[in-house]
Every structure is written in C-alpha cells, then in structure tokens.
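A.B. asks: output the structure for:
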Amino acid sequence: MRQRFKPWAKEKLMENPEIVSIQPESLKGKWHSFFGNDNPIHIEVGTGKGQFINGMGKQNPSVNYLGMELYDSIIITALDRILENGLSNVKLIRADATHLLDYFDHGEIDRVYLNFSDPWPKLKHAKRRLTHESFLQKYETILKNPGEIHFKTDNQGLFEYSLHSMSKYGMIFQDVSLDLHKSDISHNVMTEYEEKFSEKGFRIYRMEALFRS
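C.D. replies: Numbers count the residues shown, from 1 in each chain. From the prediction side, this is the model:
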C-alpha cells in the first residue's frame, strides 16, 4: 500500500527517543534497560501503524512490546497511538528486519509476531518472505529457547508456504487456525489489515510455532 510521505515524521520520531529507537544497534543486549524492567520482550516485525502492538500492550501490561517498522511515514502513526494511550510497555524501533542480528543479542527476545507480512508472491522473491529459512534462522538466534512465533495472514499462499518452511526447518506447531474468526481463540487483538480484510469476508489464517529446544 502506497503511503503519503510525511516530511515531518523523522523529526517527531527523534523528539521521542524514550519511545522510538532509530539506532537499535546501540541497544543490542540492553533492551531491558530501554524498558526499565526485566519483563519479557515480544517484538512485532513489521508493526505498521501500531494497532496490534498497542492493543497487546493494553491487554498485557506485564509484557514489553517492541514494534519494528522501516518507514518513518508509517511508524509515526504507531508513535501517536502510544503517546495517546500513555503506554510505558510499548516502544518502537525504526529498522530493517533483514538486520535483526545487529539489533538483538542471543536469547534476548521472548516471542516474535509476524502479522500480515508482504507475501512476495513471485518465486524469485521468496527469500524476502519473513518466514523464509534465512529469517527463521535469525528469529531462532534472538529468541529464548524454545522460541515462539505467532503468525497471521489473509494470504493462503503465504500461509501454506510458511507452514512448509517452518516444518522443513523442524519447528513444532502448537496451534493452527484456517479461519481465525470462526475459531475459539480468546483475546485476539486485530491489526488494521485484519479488520479491513475480515470485514470484507476474507478468511484469516493463524498459527503458533515453536523452535525445537
């Protein structure tokens, strides 16, 4: 989705360093100090406008949430939501997921969320998918053992690819839903895309997968 360029966004991000890290390399191994506590840290890779990460922060005040997004003009909305809600357990990093190992130390993160990631449907772009083996290796490194990934999408092709990729990697599935909104899962927090697609009658796919200890 094309986003309107917001030339003032970068300046506002820099005015809120207690919430947004634009140099996450400097916090590698020190993310608990960024939050000021030792609570578990969950990250959402590709947080978009931050609806999910803010909802999770409200629902679980004893968990620290870190939303990762690359573009200033998108992450600024997530920042506005955090400021509006006054959440101390939700923070952001403006960064590229390709370089996760530069930002987080081994075992520093407790859970990874992948919500409505770009499906990159062309085969030649498979390595860009956030559930490709190369990304799974990164998640396994930064996650505590056994690491856990929660994944949601409306794209059946990406869901099938992700199941295959994770299975091939040796991961264990503890929950798989082929139609989330018709399942009995409780406390589901929807993303912007999830609301949009579900209102149109699209099926939402979800799974929880663990790396083998």
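A.B. asks: low-confidence ranges in the chain?
C.D. replies: 1-5, 7-8 (pLDDT under 70).
A.B. asks: now the strands for it?
C.D. replies: For the chain, the strands defined by DSSP state E occupy 20-21, 41-45, 64-69, 90-94, 111-115, 148-153, 172-177, 205-210.
A.B. asks: for the fourth one, list the C-alpha coordinates in CSV.
C.D. replies: Taking C-alpha atoms only, strand 90-94 is exported to CSV below (Å, rounded to 0.1, in the frame of the first residue of the first chain):
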residue,chain,number,x,y,z
VAL,A,90,5.1,-0.4,24.1
LYS,A,91,8.1,1.0,22.2
LEU,A,92,9.3,1.1,18.6
ILE,A,93,12.4,0.7,16.5
ARG,A,94,12.7,2.1,13.0
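A.B. asks: find the centremost residue of this structure, please.
C.D. replies: In the chain, the centroid-proximal residue (Cα atoms, centre = their mean) is residue 44; its distance is 1.6 Å.
A.B. asks: what's opposite that one in the beta bridge?
C.D. replies: Beta-bridge partners recorded for residue 44 (DSSP bridges): residue 67, residue 113.
A.B. asks: for residue 135, see how far away it is.
C.D. replies: For residue 44, the distance to residue 135 equals 14 Å [Cβ to Cβ, to the nearest Å]. (C-beta placed from N, C-alpha, C; glycine too.)
A.B. asks: nice, that's everything, thank you.
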